[in-house]
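Peer 1: Here's my sequence, what's the structure:
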Amino acid sequence: MHSNRTVTEDRLKRVLDERIRPAVHPQSVPLDIGIWNAPGEPVPVAEGLAAPRTPIETGEPWGPPWGTSWITVTGVVPDEWAGRTVEALLDLGFDENMPGFQCEGLVYRSDGSPVKGLNPRNQWIRIGAPVAGGERVELHIEASSNPVLLDYHPFLPTDLGDKETAGGEPQYKLARMDLAVFDETVWELVQDLEVLGGLMAELSTDSPRRWEILRAVERSLDAVDLQDVGGSAATARELLAGVLAAPAHRSAHRISAVGHAHIDSAWLWPLRETVRKVARTTSNMTALLEENPEFVYAMSQAQQYAWIKEHRPEVYARVKKAVADGRFVPVGGMWVESDTNMPGSEALARQFVHGKRFFLEEFGIDTEEVWLPDTFGYSAALPQIVKQAGAKWFLTQKISWSETNKFPHHTFWWEGLDGTRVFTHFPPIDTYNAQLSGKEVAHAVRNFQEKGSATRSLAPTGWGDGGGGTTREMLAHGKRLADLEGSAKVVFEKPAAFFEKAHAEYPDAPVWVGELYLELHRATLTSQARTKQGNRRSEHLLREAELWAATAAVRTGFPYPYEELDRIWKTVLLLQFHDILPGSSIAWVHREAEAKYAAVGAELEQIITDAQVALAGSPADGTSVLFNAAPHARSGVAAGGAAVASPYTGAPVTATPREGGGFVLANGLLRVAIDARGLVVSVYDLEAGRETVAPGAAANLLQLHPDFPNRWDAWDVDTFYRNTVTDLTGVDTLELDAVGGGVASVRVTRSFGSSRVSQVLALSAGECRLDIATEVDWHETEKFLKAAFPLDLHADRTAAETQFGHLYRATHTNTSWDAAKFEACAHRFVHLEEPGWGVAVVNDSTYGYDVTRTVRPDAFTSLTGGTTTTVRLSLLRAPRFPDPHTDQGTHRFRYALVPGASIGDAVREGYRINLPERRVPGDTAVSPLVSVGQDAVVVTAVKLADDGSGDVVVRLYESAGGRARARLTTGFALGSVTVCDLLERPVGGAVSGGSAGVELSLRPFEIRTLRLARGDG
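Peer 2: So this is what the prediction gives:
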């Protein structure tokens, strides 16, 4: 037989596009249109419904950037349409080539009840099925004119990302606004042909099944009367029934589809617009659930539920009913789908505390699956946090974006840094916006790496980010793919049902140990420095506020600010969303984040001050009390306690001129040489008799790189940035800054490009640490600023702090996996060591870092002269998309070099630089509320229990990576001690306390949450 395969396939595409799809709505009449443009920000629904309308025609422009327009359409169903199904087709000017990222609408009835959303690929509103004819139609659209920022030529700088710079030019033109007949038979024919055409294209040309489908499609197309598609559609469908009825092979892969709409809580739109995106999408999904009993929809992010509860209660009522019916499924158990690299220990724990508690209180549901499809890498601390929050499964899709290495598993056990394992799935469909197209389903089957051992995968199905979620077309595809020869079997079901089945069939899945590093988007560890500094500062202020408020509540009856702390935590958790904290959102988002952090900081400072004043007593003769919120004793003050301050009486720190220019600082522990360029050329550890800085090198060297990645400007830094570097060695001024009071410091200023930097290098008495305070007035574009510390140290790995511990990364590039980690995340410290001697670099607000190694030639022989291991902190970037003015202005950083440091020293110094002591007028020492007496056991939180019982809750962890025994004692009468999960729910029986406290035994990096009931006395 001669082959006409391509002819038939091309014919199918054209006939579908030009004849059959247009015939889904064969008759239409225009609607009358009126518009009201809301001034400024969105208005309440009642106000929008009541506002006067001005007539507008299709084809006319509407909607300035970020504007809101209320559009009313009215009309009458023609009498001759009686008995037919009728829909309103409402096209706001959509570009259907993009499923979201543009204008959107939410349709209301005149009584204020929501109908459904309008999105680029979901423009219909059902009027009646059937209609009687003569019905009056009146619908009101809250239309948002969000500008298109990620266009066909992506990553171009634009000022449209902030309403303050976006201007007022209309962004859209109204398109079709009609009442139309909906021909369900033609629509079903479209779905038949789409599914079969998609499946056919994925089958081998050697497959008899492909040719069987081809011939059936050919016969069906022959039966279509192109001048009367509606009249011939039923016959055309009958000719496809046989191939659609052929069952799937027994060994066919099984796909659990779940309705989904990944909605970024902010990104290319502000937070306030996300509230409306969620309302539109959930309106769509609740309507779709009512019409399709087989459909299941899952939604994560408790914050998004809370938003519609507060701002769109009419929508939330429908969501709550759908959840109660069991097919609208809360998942994730987190407040938002946060970044997981940068949030601190307590913050990542509180994501689960507040997320799971919301779902429990609102719906009585204890979510068991963690749902993070789009976050830019996953911390090795997560498995233990997940388990301690009461969850047991983990899902993401993002690792499929890695550019260098293909991850070897799709279903596996993920083992965290403490040894906890969680059952994990990466959907092989490689998208969280699946359409259930033939191409996607076939890719999932081919891509699935557990073939022969497992048979199941999950497919999050639906358009996100303004696309409106799952569509009726996707459900129709899923229905046809339920049992179809040549395809995987598709069924809509809850994520929990998938995980139960996947775990049951694959209990001995392979194990992946350590972080899930995304080999992409590495620059998100540095972009938008103010956002990152706001996060770090807020996390530590929250620690202080809880600690001192709890201490004051127990000691003085101070009113513990439950509601204030709950609200502040939720604000900080929201700003950890994976496009806010990483710095990849528009200017409006980061401007708003900076303002929120300032407000949070002011409120927390007031709570801290009020609590400390309550504790410090009355000042007498200028006395003051020194408060130490760090988890280690310092300056003679116990961890979590306070002592009456005394004047400095220790040995002086000296500052002397250096031969050749510069200064030498010394304190009996370190001798620091700063040359005429203001660079640190020597840091000599006097006790160890060892030099820290590599020979011929200079530390605290600022280095500037060009930074123009191939794509994803705010997200990416590509390896080639290292090919070009400028060392900033020019000096404007170099002078002694201060000598006395137990400190000596040098100030150096430099100018480069359009920017200026001022640094103070300080050595304090009794400290084996060089502190560096850096202020940069930054006005560069597409540049990357780093601070380099070349160390005379041979180490094949670094320890970088993460939540509740640290993890090791290679300093070499032996494998492609090692080489891909050329920029990585560290919290408060990076530590390197040779046996018996190490160095830490600690910081107060940076996250990105890199480590490289070189081998020095010996100056006198041909032998190797030693290894230089260089640690660099990433300080600032200046990408131009999506915020064209990223990080312009003044920034302040503090970091320190700590020679001779062990891991324990690195932990201690990391906390020290982030939790400075506070001096408060008073005369009363404050004993700690709790003490553990073992430096390796670090307390991350001391607070009152969230249930208002007055119990004290303590969370702590083993920080050194070894076994630890410690005795926890309290500064109050202890009744009983109960081990709890992160939500403060008991997971073991209570044990009696008493003055002797309680003995603790911890595994490496183990987290322990203890609830301490207060006794009498």
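
Peer 1: which residues of the chain score low on pLDDT?
Peer 2: Counting by pLDDT under 70, the chain has low-confidence residues at 1-2, 859-862, 864, 990, 992-993, 1017.

Peer 1: what sits against the most centrally placed residue in it?
Peer 2: Nearest to the centroid of the C-alpha atoms of the chain, with distances taken as C-alpha atoms, centre = their mean, sits His578, at 2.1 Å. With contacts defined as C-beta atoms under 8 Å, 6 or more residues apart in numbering, the neighbours of His578 are Asp264, Val336, Glu337, Ser338, Asp339, Leu372, Asp374, Thr375, Phe376. Placement of C-beta: from N, CA and C, glycine included.

Peer 1: State the number of residues packed around Leu226.
Peer 2: Under the neighbour criterion other C-beta atoms under 10 Å, Leu226 is assigned a count of 12.

Peer 1: Shouldn't it be within a helix?
Peer 2: No. Counting by DSSP: H, G, I helix; E, B strand; the rest coil, Leu226 is not found in a helix; it is coil.

Peer 1: And the lengthiest helix in the chain, what's buried?
Peer 2: For the chain, the helix with the greatest residue count under DSSP state H is helix 587-616. For helix 587-616, burial by neighbour count (16 or more other C-beta atoms under 10 Å) applies to 587-594, 596-597, 600, 603-604, 607-608, 610-616.

Peer 1: How about stretch 29-46?
Peer 2: By neighbour count on 16+ other C-beta under 10 Å, the buried set for stretch 29-46 is Leu31, Asp32, Ile33, Gly34, Ile35, Trp36, Asn37, Ala38, Pro42, Val43, Val45.

Peer 1: which one among those residues gets closest to Ala523?
Peer 2: Closest approach to Ala523 among the buried residues of stretch 29-46 (C-beta to C-beta): Pro42, at 32.9 Å.

Peer 1: thought that closest one was touching Arg272?
Peer 2: Yes. With contact defined as C-beta atoms under 8 Å, Pro42 counts as touching Arg272 (6.9 Å).

Peer 1: quick check, Glu346 in a helix?
Peer 2: Yes. Assignment of Glu346 by three-state DSSP places it within a helix.

Peer 1: Show me what the strand ranked longest in the chain packs onto, helices and strands only.
Peer 2: Ranked by residue count and defined by DSSP state E, the top strand of the chain is strand 864-877. Of the remaining helices and strands, those touching strand 864-877 by 3 or more C-beta pairs under 8 Å, 6 or more residues apart in numbering; DSSP states H and E are strand 770-778, strand 783-792, strand 829-834, strand 837-843, strand 848-857, strand 889-899.

Peer 1: same for the longest one, what does it pack against?
Peer 2: Spelled out, it's strand 889-899. Looks like strand 889-899 contacts helix 529-556, strand 680-685, strand 770-778, strand 837-843, strand 864-877, helix 903-914 (3+ C-beta pairs under 8 Å, 6+ apart).

Peer 1: Enumerate every residue touching the nearest residue to Ala697 once chain neighbours are set aside.
Peer 2: In space, not counting the residues next to it along the chain, Ala697 is nearest to Pro790; the distance is 3.8 Å by C-beta to C-beta, 6 or more residues apart in numbering. With contacts defined as C-beta under 8 Å, 6+ apart, the neighbours of Pro790 are Val693, Ala694, Ala697, Ala698, Ala699, Leu701, Thr868, Thr869, Thr870.

Peer 1: export these to TSV and tack on distance to Arg312 and neighbour count?
Peer 2: Converted to TSV, the contacts of Pro790 look like this (distance: C-beta to C-beta, whole Å; neighbours: other C-beta atoms under 10 Å):
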residue	distance to Arg312	neighbour count
Val693	59	25
Ala694	60	21
Ala697	59	19
Ala698	58	21
Ala699	55	26
Leu701	53	19
Thr868	59	20
Thr869	55	22
Thr870	53	21
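
Peer 1: With distance to Asp796 added, can I get those in JSON lines?
Peer 2: Converted to JSON lines, the contacts of Pro790 look like this (distance: C-beta to C-beta, whole Å):
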{"residue": "Val693", "distance to Asp796": "20"}
{"residue": "Ala694", "distance to Asp796": "16"}
{"residue": "Ala697", "distance to Asp796": "20"}
{"residue": "Ala698", "distance to Asp796": "24"}
{"residue": "Ala699", "distance to Asp796": "21"}
{"residue": "Leu701", "distance to Asp796": "23"}
{"residue": "Thr868", "distance to Asp796": "14"}
{"residue": "Thr869", "distance to Asp796": "9"}
{"residue": "Thr870", "distance to Asp796": "14"}
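
Peer 1: if we can go back for a sec, the helices and strands packed on strand 864-877: which one's closest to Phe881?
Peer 2: Going by C-beta to C-beta, the one of those nearest Phe881 is strand 783-792, 15.0 Å.

Peer 1: Check whether Leu1010 sits in a helix, strand or coil.
Peer 2: Leu1010 is classified as strand under three-state DSSP.
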